[in-house]
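Q: Got a sequence here, can you build the structure:
(chains A and B)
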2 protein chains.
Amino acid sequence: MKTISILGSTGSIGTQTLEVVRENTDLKVAAIAALQNITLLEEQAREFQPEMVCVYDATRAKELSVKLADTNIKVVTGMEGLIECATIASASLVVSAVVGMIGIQPVIEAIKAKKDIAFANKETLVTAGHIIMPLVKEHQVSLLPVDSEHSAIFQALQGNQGSEISKLILTASGGPFRGRKREELKNIQVEDALKHPNWSMGRKITIDSATMVNKGLEVMEAHWLFDVPVDQIEVVIQPQSIIHSAVEYVDGGIIAQMGTPDMKLPIQYAIYYPEARRFLPGKRVNFFELGSITFEKPDLFNFPGLKMAYEVMKVGHSLPTVYNAANERAVAKFLNREISYLAITDLIQHAVETHTLVQNPSVSQILNIEQETYDIIEKECAKHVR
Amino acid sequence: MKTISILGSTGSIGTQTLEVVRENTDLKVAAIAALQNITLLEEQAREFQPEMVCVYDATRAKELSVKLADTNIKVVTGMEGLIECATIASASLVVSAVVGMIGIQPVIEAIKAKKDIAFANKETLVTAGHIIMPLVKEHQVSLLPVDSEHSAIFQALQGNQGSEISKLILTASGGPFRGRKREELKNIQVEDALKHPNWSMGRKITIDSATMVNKGLEVMEAHWLFDVPVDQIEVVIQPQSIIHSAVEYVDGGIIAQMGTPDMKLPIQYAIYYPEARRFLPGKRVNFFELGSITFEKPDLFNFPGLKMAYEVMKVGHSLPTVYNAANERAVAKFLNREISYLAITDLIQHAVETHTLVQNPSVSQILNIEQETYDIIEKECAKHVR
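A: Numbering: from 1, shown residues only, chains lettered A, B, ... in the order given. Modelled structure (predicted):
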């Protein structure tokens, strides 16, 4: 029996993690946590019977504790509650699937409590990789990527421990606007950007896919996870989303992981690692139906978000936090129809350019820089109607 | 320092193995063996200074021993000499790169002498897999595939020990006649069939690629090497020869090995296994130049050699020996311009259909069946001018 705790249980990764639990009778859920969706949290709590549920929002937490009064399930709230879920004694693995920097502190506490981490919260590594990775080493836990690309690289590294990597090949679908010019992207509406060609994901990450900021964040995440310099991380556009990513070794051999776009594979792989793979129901790749896999260079001119990511990561320190926070706020504003699609990357650029670098920022500095960046975005948006 | 013995040193795999030795100062050659090319053998002997050289042909062996009289190198001959090279005390690994069933006995003796085998002689497993594989287990040696497809599968299995395989995906370029109808293959000349689109290989294997009998033999070899039933081995045509083969696991995850077509990679990988990969100079895959990888179903009607292989392997026992021997003799006759291109698979079919099955044949029975099959082919050819 393996017992897990899920931070972000109502999101896309969270609900798919619970599907994996449903299909494997030897998995148990110790705790679930989410921002505010108490309707779904209640359903999940009743089905999976965790010891603890965290609702980040205090008012909603109170509502949920009334709803769950007939059970023994403890309802907790806020950052304290989230950390309680992340460090709960009965869990050996924490699925970190919250969105944004809210994940940093719970992940740090989980690592200190010697939990393995199934990791789907890239912002944590992007902003605090320099803090997280040494802790992972110190406490000898496993940081198991759940992002399909990073899981693919992790799988391609198995059995090649000790072999020198010549580069990581990070694949990208190119998103719904692949091949379009900036000119043509001017009037993009929220609905257009939410149509991802292959993957069904959360709203924020779908927009990030469209702008390719998501790929930029993934390059940064890959740098931290696999200790590979960013200039040895190559992004390859591969619109079919079949090759999930690959590793090229010094002998020229490339090991790739392929599959249909199904997040349950990397989730299940991370949960059971290093045990053998388990059966997973679902569609298989049919190479004959597929016909071909195509490759393109990423278009850094019309999708400046990716180019910026490389530049930001080469500088490092506090700049990735600014890139990420500016994007987070800009995407929220776009989803709220306050700004245009192209303004997202313009705003990131503005925030990055005006930032005064902080060397090796601490967690509280990271959180301060996040807030400052939000403020800069607000101020910049107030100046123009975009 | 790793010391190896090379059976078939003047062939395509043999000479490339010596190139790998040339590039790695910690490799030493204990023995080399070939059929009759003493000019090249002398050169190789003088450069790599083995203890022993075998020339299978006795007359040529005498000639070589005269040429090498100024050295301390021992010249041996015949099957006895080949076995002496395969079991030489100083070598820890034997590269078996001879063509045909001549490799069976030396490989068996090498295994009994506890040598690891870098294996490029598929006929040995096709005909005597039921003898070889139990010996490999008993003597706890490693049988390391050198064929690019089997090496790819072997690489894709690393780090997945214990995970259930759902199928092996054996890729094939489709050869120079991919897409052609049997009708259009009537007048194929030796020169046409020797033009392989991607790989530079020996003459016999190049013809086998054209007929797809090579892929049939590879299906049989994969069955023995990886203990997977033939109906879980899928052949996928992929004309670019970039994906060298892959494994699909029960979770739907596919691990593939890719690279440019360069046999030195699997050779070097096998020699150093399980050590880390070494740098190998050479061209790398450039996905942007490549543009696409395409997939097709194999055409079993116009290339009956592959269809036959599945049927033959399902029956097993002595039938794969007949398939292989008939092909060997038919290809020799085609290369000698004695028969037409289409007659190759016709002759295999004739030999397979007229064979009386021998259960679990011994090595001497296998060799007898080989001779009988050669005779059947000769007789059949004498009947018709093809």
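Q: State the pLDDT value of the residue nearest to residue A:190 when sequence neighbours are not counted.
A: Counting by CB to CB, 6 or more residues apart in numbering or on different chains, residue A:335 is the residue found nearest to residue A:190 once chain neighbours are left out, at 5.9 Å. Backbone N, C-alpha and C define where each C-beta goes, glycine included. As predicted, residue A:335 sits at a pLDDT of 93.
Q: what's the burial count for residue A:335?
A: When neighbours are defined as other CB atoms under 10 Å in any protein chain shown, residue A:335 has 16 of them.
Q: pretty sure it contacts residue A:206?
A: No: using CB atoms under 8 Å, residue A:335 is not in contact with residue A:206; the gap is 9.7 Å.
Q: Can you show me the strands along chain A?
A: Assigned strands in chain A, in chain order: A:2-7, A:27-34, A:52-55, A:74-77, A:93-96, A:116-119, A:143-145, A:165-172, A:233-237, A:243-249, A:254-258, A:292-294 (criterion: DSSP state E).
Q: Same list (those) but as a markdown table, adding mean neighbour count.
A: A markdown table is the format used below for those (neighbours: other CB atoms under 10 Å in any protein chain shown):
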| stretch | mean neighbour count |
| --- | --- |
| strand A:2-7 | 25 |
| strand A:27-34 | 24 |
| strand A:52-55 | 27 |
| strand A:74-77 | 20 |
| strand A:93-96 | 28 |
| strand A:116-119 | 26 |
| strand A:143-145 | 24 |
| strand A:165-172 | 23 |
| strand A:233-237 | 21 |
| strand A:243-249 | 26 |
| strand A:254-258 | 27 |
| strand A:292-294 | 18 |
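Q: Let's have these in CSV, adding distance to residue A:325 and mean pLDDT.
A: Output for those, formatted as CSV (distance: least, CB to CB, whole Å; pLDDT from 0 to 100):
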stretch, distance to residue A:325, mean pLDDT
strand A:2-7, 20, 98
strand A:27-34, 21, 98
strand A:52-55, 23, 98
strand A:74-77, 24, 98
strand A:93-96, 18, 98
strand A:116-119, 20, 97
strand A:143-145, 22, 97
strand A:165-172, 22, 98
strand A:233-237, 22, 98
strand A:243-249, 26, 98
strand A:254-258, 31, 98
strand A:292-294, 35, 98
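Q: Out of those, which is closest to residue A:183?
A: Minimum separation from residue A:183 across the strands of chain A (CB to CB) falls at strand A:233-237, 19.8 Å.
Q: which residues touch the closest one?
A: Residues from elsewhere that reach strand A:233-237 (CB atoms under 8 Å, 6 or more residues apart in numbering or on different chains): A:167-174, A:178, A:215, A:219, A:222-223, A:295-298, A:306, B:287-288.
Q: can you put the strands of chain A in a markdown table and add distance to residue B:329?
A: Output for the strands of chain A, formatted as a markdown table (distance: least, CB to CB, whole Å):
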| stretch | distance to residue B:329 |
| --- | --- |
| strand A:2-7 | 58 |
| strand A:27-34 | 58 |
| strand A:52-55 | 74 |
| strand A:74-77 | 78 |
| strand A:93-96 | 60 |
| strand A:116-119 | 58 |
| strand A:143-145 | 54 |
| strand A:165-172 | 45 |
| strand A:233-237 | 46 |
| strand A:243-249 | 41 |
| strand A:254-258 | 39 |
| strand A:292-294 | 39 |
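Q: Pull the contacting residues for the closest residue to residue A:34 other than its chain neighbours.
A: Of all residues not flanking residue A:34 in the chain, residue A:10 sits nearest, at 4.1 Å (CB to CB, 6+ apart). By CB under 8 Å, 6+ apart, the contact list for residue A:10 reads A:34-35, A:37, A:40-41, A:44.
Q: Residue A:296 pairs with what?
A: Beta-bridge pairing for residue A:296 (DSSP bridges): residue A:237.
Q: Report the contact partners of it.
A: Residues near residue A:296 by CB under 8 Å, 6+ apart: A:174, A:178, A:236-239, B:288.
Q: how far away is the residue nearest to residue A:85 when sequence neighbours are not counted from residue A:123?
A: The shortest distance from residue A:85 to any non-neighbouring residue, by CB to CB, 6+ apart, is to residue A:31 (3.9 Å). Per CB to CB, to the nearest Å, residue A:31 is found 21 Å from residue A:123.
Q: Give the burial count for residue A:150, as a bare number.
A: Look at residue A:150: counted by other CB under 10 Å, it has 27 neighbours.
Q: Hmm, residue A:222 and it touching each other?
A: Yes: under the criterion of CB under 8 Å, residue A:150 makes contact with residue A:222 at 6.1 Å.
Q: just to revisit the earlier point, got a list of what the residue nearest to residue A:190 touches?
A: With CB under 8 Å, 6+ apart, residue A:335 has these contacts: A:190, A:203-204, A:207.
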